[in-house]
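> Generate a structure from the sequence data that follows.
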Amino acid sequence: MSPSVLNVEKLSIAYGGRRGWQSAVDRVSLSIDQGEALGLVGESGSGKSSVALAILRYLPGNARLAASALEFLGREMRGLSGEDLRGLRGDRIAAVYQHPGAALNPAMTIGRQIGETIMRHRPVRYEEARWRSTELLKRVRVGNPERVLDLYPHELSGGMQQRANIAIAIALNPSLLVLDEPTTALDASVQSEVIAILDDLRREHKTSILLISHDINLIRRSCDRVAVMQSGTVVETGAAGNVFDNPAHAYTKALIASIPALNLTKRDGRLAETSTTVRDRPEAAAARTDQRDRQVAIACKGVSHSFGSQAVLHNVDLSIGQGETFGLIGESGSGKSTLARIVTGLQVPSEGSVELFGRKVAPRVEKRARSERRDVQMVFQSPDRTLNPRHRIGRIISRPLRRLAGLGRSRARERVADLLRSVRLAETTAEQKPRSLSGGQRQRAAIARAFAGAPKVMVLDEPTSALDVSVQATVLNLLNDLQRDKDTTYLFISHDLKVVRYMADRIGVLYRGRLVETGSSEQVFRGPNHPYTSLLLAASSEDQASVVSILVEAASRPKGCCFADRCPLVEEACRTAEPPIKELGPGHTIACHKL
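Numbers count the residues shown, from 1 in each chain. Presented below is the predicted three-dimensional model:
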């Protein structure tokens with residue numbers, strides 16, 4: 001009987017610091033057989049990434065490791081020299097990390113980076129390495145791979161960057177692939193593609209996979225077994241379907257109860273934040289069912305924008321009522337974040353204008369009145385871009401309290417504590433700097449900062465993509481509570497359709513800078529839909545067999561329907577004429593020749 005590809009027994013890890021040794025992992029045991037995929041699930045701080053670093057032998061110098069066994073293909077890893085480890089990494093063991101841009105060298109083309117891995121471990125010349133690189137990009141379903149080889153990382157979307165990382169990782173057909181949150185920042189269709197790629201690897205090359213994620217749906221769809229970690233220990237393990245359908249441990253039940261379902265909306269009540277499902281306050285998140293008599297909070301009129309010769313938004317008309325949550329969905333590169341930045345005044349549109357509560361505002365935020373700046377705030381996907389690393393969290397949050405809300409020093413200090421509690425952070429967090437917080441904690445601090453000035457309009461650009469499911473539930477409940485109490489308007493951007501379904505009153509679907517469908521949440525999720533919306537909904541399905549069609553990174557069409565090159569319903573008229581905007585129901589519009 002052949003040994004397991006990976007065998008870990010009683011692994012314990014502690015980190016040394018000013019306060020002595022802090023335990024991060026406590027007696028964790030796991031094994032992975034050939035061609036098997038094991039999912040490691042848990043919240044931020046549960047020890048998942050520490051386990052991965054121990055397996056890869058990448059633990060920092062202040063870490064202390066103890067284990068009965070840490071074996072790869074029957075070989076004990078702890079006694080290997082640095083040269084032996086370098087020979088294994090990239091060859092027999094490979095890793096894919098959460099942030100694809102950070103894992104790629106910005107000064108090297110994609111072709112050089114893939115080829116470097118091949119030439120480091122195999123006696124091949126440059127020409128053969130480039131040919132193999134082309135074949136690898138084909139394996140990860142990249143269109144026009146010869147062109148992509150000559151591009152730099154900044155010229156690719158996030159989804160394409162991650163595919164390049166996966167190509168590098170599988171370049172030498174490793175026996176074990178470790179993926180640490182590989183799809184956190186990716187949209188639904190790209191996530192579905194990554195799942196399909198992993199399935200191909202396991203089927204064709206018998207690759208074993210350790211998939212670390214807080215995305216339970218991703219684990220369910222792509223793994224055979226799952227281990228659930230809490231506070232450094234494995235609290236439940238078993239077949240993925242059994243664990244998620246019939247969880248035995250209270251912590252696993254809490255994680256699953258925290259996840260919105262595609263048929264769950266805020267009208268159904270609050271999301272679970274503890275070990276018991278909280279559904280007893282439906283009035284706290286009651287949705288606005290009639291927006292016709294309410295003031296328009298945000299109006300985008302004919303907004304277009306280009307970066308150089310590349311058009312990213314095309315004549316976007318959009319209105320959002322006061323107290324409404326408008327969900328904006330679409331793939332990476334569709335123009336969602338650009339539109340958000342135009343609304344907040346961080347980006348000046350090439351054409352068109354933005355109105356707030358019936359008043360046209362200056363395109364640049366610096367030229368807007370103080371009240372207009374206070375009324376519109378934004379939460380970004382990456383908190384690292386919004387939190388000053390040199391300041392403590394308390395100062396970061398108190399500054400808008402004093403400048404925008406006009407609070408005195410003592411009142412601002414009290415309000416800082418209230419805001420931290422509202423996003424489930426300890427009051428002592430005010431004395432910490434961003435670098436001492438986890439990614440999820442930093443994002444919650446950024447959300448608290450955005451709400452400090454009591455804005456009337458909040459633009460949320462992927463606000464929960466980096467959060468664990470239970471913390472995500474807390475934040476979503478918080479947003480709904482604040483909306484009910486303050487009548488706040490939300491422009492909510494997310495690639496997670498379950499979150500959008502739960503939060504949004506109305507939804508807009510953006511594809512290559514064009515709104516191809518708008519309607520109420522019920523209309524969009526019930527259908528009929530634009531073919532692109534149907535693709536996104538299929539990609540978000542919990543059906544393990546549901547895989548969307550191959551994505552093609554094609555340029556925008558100079559004429560005709562922007563979706564024609566990917567549409568299963570395409571006909572000749574789609575390629576030559578712009579599709580008309582049809583109203584299928586009250587407020588439900590679709591830009592399509594066929595519907």
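
> okay, the helix or strand where Thr533 lies in CSV with CA atoms only?
If you go by DSSP states H and E, Thr533 is part of helix 531-539. The C-alpha coordinates for helix 531-539 follow below in CSV (Å, rounded to 0.1, in the frame of the first residue of the first chain):
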residue,chain,number,x,y,z
PRO,A,531,-27.7,35.4,-21.1
TYR,A,532,-24.8,36.9,-19.1
THR,A,533,-26.8,37.1,-15.9
SER,A,534,-27.7,33.4,-16.5
LEU,A,535,-24.0,32.6,-16.7
LEU,A,536,-23.3,34.4,-13.4
LEU,A,537,-26.3,32.6,-11.7
ALA,A,538,-25.1,29.2,-13.0
ALA,A,539,-21.6,29.9,-11.7
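
> Could you point out the helix or strand that follows that helix?
Defined by DSSP H and E, the subsequent element after helix 531-539 is helix 572-576.

> tell me the average confidence for that next one?
Taken as a whole, helix 572-576 has an average pLDDT of 89.

> for stretch 179-197, same thing?
Averaged across stretch 179-197, pLDDT comes to 77.

> got it, and stretch 36-53?
In this model, stretch 36-53 has a mean pLDDT of 89.

> so how far does it reach from one end to the other?
20 Å (Cα to Cα, to the nearest Å).

> ditto for stretch 445-465
This stretch, stretch 445-465, spans 15 Å end to end (Cα to Cα).

> Pull out the buried residues from it.
445-465 (16 or more other Cβ atoms under 10 Å). For glycine as for every other residue, the C-beta is placed from the backbone atoms N, C-alpha and C.

> Please, which helix or strand holds Ala297?
Ala297 belongs to strand 296-307, assigned by DSSP H and E.

> next helix or strand past that strand?
Reading on from strand 296-307 to the C-terminus, the next helix or strand found by DSSP H and E is strand 310-321.

> Can you name the element that comes right after that next one?
Remark: after strand 310-321, the chain's next helix or strand is strand 325-329, criterion DSSP H and E.

> what's the following helix or strand after that following strand?
helix 336-344.

> Could you name the helices and strands sitting against that following helix?
With contacts taken as 3 or more Cβ pairs under 8 Å, 6 or more residues apart in numbering; DSSP states H and E, helix 336-344 sits against strand 296-307, strand 310-321, strand 325-329, strand 376-379, strand 457-461, strand 489-493.

> if you set the cut-off to 6 Å instead, what comes out?
With contacts defined as 3 or more Cβ pairs under 6 Å, 6 or more residues apart in numbering; DSSP states H and E, helix 336-344 has these neighbours: strand 457-461.

> Now do the strand it packs on and strand 310-321, the angle between them.
Strand 457-461 and strand 310-321 are oriented at 140 degrees to each other (axes from the mean of the first three to the mean of the last three Cα atoms, to 10 degrees).

> okay, now the domains of this structure?
32-61+75-257, 296-591 (automatic domain parsing).

> Now distance to Asn7 too, for those, in TSV please.
TSV is the format used below for these (distance: least, Cβ to Cβ, whole Å):
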stretch	distance to Asn7
domain 32-61+75-257	8
domain 296-591	27
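
> so which of those domains gets nearest Tyr15?
domain 32-61+75-257 (7.7 Å; Cβ to Cβ).

> what about the helices in the stretch 351-500 of the chain?
Ranges of helices in the stretch 351-500 of the chain, per DSSP state H, counting those that start in this stretch, are 370-375, 393-403, 409-422, 439-450, 469-486, 497-503.

> Reformat the ones you listed into a markdown table and put distance to Val51 next to each item.
Shown next, in a markdown table, are the helices of the stretch 351-500 of the chain (distance: least, Cβ to Cβ, whole Å):
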| stretch | distance to Val51 |
| --- | --- |
| helix 370-375 | 45 |
| helix 393-403 | 29 |
| helix 409-422 | 30 |
| helix 439-450 | 17 |
| helix 469-486 | 19 |
| helix 497-503 | 27 |
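
> returning to what we had before: ok, residues contacting the strand holding Ala297?
312-316, 318-320, 322, 338, 349-355, 357, 457, 489 (Cβ atoms under 6 Å, 6 or more residues apart in numbering).

> Buried residues, that strand. List them.
296-301, 303-305.

> Of the domains of the chain, which is nearest Arg19?
Proximity to Arg19, assessed across the domains of the chain by Cβ to Cβ, is greatest for domain 296-591 (12.1 Å).

> residues near the closest residue to Leu172 other than its chain neighbours, how many?
Once flanking residues are discounted, Leu172 sits nearest to Asp91: 5.0 Å by Cβ to Cβ, 6 or more residues apart in numbering. Residues near Asp91, counting by other Cβ atoms under 10 Å, number 17.

> cool, Ile110 as well?
As a burial measure, Ile110 scores 29 neighbours (other Cβ under 10 Å).

> Can you pull the phi/psi pair for it?
The phi/psi pair for Ile110 (degrees, to the nearest 10) reads phi -60, psi -40.

> That one and Ala196, how far apart?
Per Cβ to Cβ, to the nearest Å, Ile110 is found 21 Å from Ala196.

> And the pLDDT for the spatially closest residue to Ser422 that is not a sequence neighbour?
Excluding the flanking residues, the one nearest Ser422 by Cβ to Cβ, 6+ apart is Leu478, at 5.7 Å. What the model reports as pLDDT for Leu478 is 82.

> Quote the end-to-end distance of stretch 134-149.
Where stretch 134-149 begins and where it ends lie 7 Å apart, using Cα to Cα.

> Give the buried residues for it.
Residues of stretch 134-149 classed as buried: 134, 136-137, 139-142, 145, 148-149 (neighbour count, 16+ other Cβ under 10 Å).

> next one: that stretch to chain centre, how far?
Taking the mean of its C-alpha atoms, stretch 134-149 sits 24 Å from the chain's own mean (Cα atoms, centre = their mean, to the nearest Å).

> Same check on stretch 188-199?
Worked out by Cα atoms, centre = their mean, stretch 188-199 lies 14 Å from the chain centre.

> can you list contacts of it?
Here stretch 188-199 makes contact (Cβ under 6 Å, 6+ apart) with 140-141, 159, 183, 221-222, 331, 495, 497, 536, 539-540, 547-548, 551.

> on that earlier part again, make TSV out of the buried residues of stretch 134-149 and add secondary structure, distance to Gly101 and pLDDT.
Listed next are the buried residues of stretch 134-149 as TSV, based on DSSP: H, G, I helix; E, B strand; the rest coil; distance: Cβ to Cβ, whole Å; pLDDT from 0 to 100:
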residue	secondary structure	distance to Gly101	pLDDT
Thr134	helix	22	95
Leu136	helix	19	91
Leu137	helix	17	91
Arg139	helix	21	83
Val140	coil	17	83
Arg141	coil	20	76
Val142	coil	16	83
Pro145	helix	20	90
Val148	helix	15	91
Leu149	helix	18	94
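
> can I get those residues in TSV with distance to Glu83?
As requested, the buried residues of stretch 134-149 are exported to TSV (distance: Cβ to Cβ, whole Å):
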residue	distance to Glu83
Thr134	31
Leu136	26
Leu137	30
Arg139	29
Val140	30
Arg141	35
Val142	33
Pro145	33
Val148	33
Leu149	30
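
> Nothing else from me, thank you.
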